[in-house]
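*Asks:* prediction below, plus the sequence it came from.
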Protein chains: 2
Amino acid sequence: MPQPPLYEQIIADVMAAVRAGTLKPGQKLPSIAELREQYESSAWPVRYALRILEERGWIVTRQGKGSFVANEPPA
Amino acid sequence: MPQPPLYEQIIADVMAAVRAGTLKPGQKLPSIAELREQYESSAWPVRYALRILEERGWIVTRQGKGSFVANEPPA
DNA sequence: CCACATTTGTCCGTATGTATC
DNA sequence: AGATACATACGGACAAATGTG
């Protein structure tokens, strides 16, 4: 079994945190710099994951501000 | 007025081609290398655009094969 | 099975621009 | 003006899947 790519792990982690209520609607996610440290990675997987999460409706991202859990995240 | 980013242009072009029937369901899109030449860009905007198009259900991408118009692309 | 070319997948570092505070 | 944070884009590296011979 191949290990999943890091960005998939980040996506899964955020979704799990939202489902668990650890991250609540409207709440700010850690910055990309912080997520880089947390995952000990470059910005690439972090940005990639956030973009996909946004496409899927889990978060909204605002330049200069940060990423926030969507008001009505998917189930 | 800021010009739109290149990857947005690529997304719009593919969507327009699908809507117009220039690209039909199941049909193979040009490879990333070809799209790079076409847009005189690096791989980045092309990959980015294709990934978003896939998230939005317009195309499916298969490693080693290429990208193809989805069987039932969105309206 | 092996070799090879083609194509997409994942990831890094860097640069520059834009938005917010 | 400065600090923080995200946005777009380039170049490169190596991996993995596919198809052909």
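*Replies:* All right, it came through fine.
*Asks:* could you check the pLDDT of whatever residue of chain A ends up closest to chain B?
*Replies:* Chain A approaches chain B most closely through residue A:55 (4.2 Å), counting by Cβ to the nearest Cβ. Glycine gets a C-beta too; all of them are placed from N, C-alpha and C. The predicted local confidence for residue A:55 comes out at a pLDDT of 98.
*Asks:* and it, what does it touch?
*Replies:* The neighbours of residue A:55, taking Cβ atoms under 8 Å, 6 or more residues apart in numbering or on different chains as the test, are B:52, B:55, B:56.
*Asks:* can you lay out those as JSON lines showing distance to DNA strand C?
*Replies:* As requested, the contacts of residue A:55 are exported to JSON lines (distance: Cβ to the nearest atom of the strand, whole Å):
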{"residue": "B:52", "distance to DNA strand C": "12"}
{"residue": "B:55", "distance to DNA strand C": "11"}
{"residue": "B:56", "distance to DNA strand C": "15"}
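*Asks:* which among those residues gets closest to residue B:72?
*Replies:* Distance to residue B:72, by Cβ to Cβ, is smallest for residue B:56 among the contacts of residue A:55, at 12.6 Å.
*Asks:* quick one: residues contacting the closest one.
*Replies:* With contacts taken as Cβ under 8 Å, 6+ apart, residue B:56 has the following neighbours: A:55, B:74.
*Asks:* tell me how far it lies from residue B:50.
*Replies:* Applying Cβ to Cβ, to the nearest Å, one obtains 11 Å for the distance of residue B:56 from residue B:50.
*Asks:* who touches both of those two?
*Replies:* In terms of Cβ under 8 Å, 6+ apart, residue B:56 and residue B:50 are not both contacted by any residue.
*Asks:* briefly note if the longest helix along chain A comes near DNA strand D.
*Replies:* Counting by DSSP state H, the longest helix found in chain A is helix A:6-20. No - contact check for helix A:6-20 against DNA strand D, using Cβ under 7 Å from any atom of the strand: none in range, with a minimum separation of 12.5 Å.
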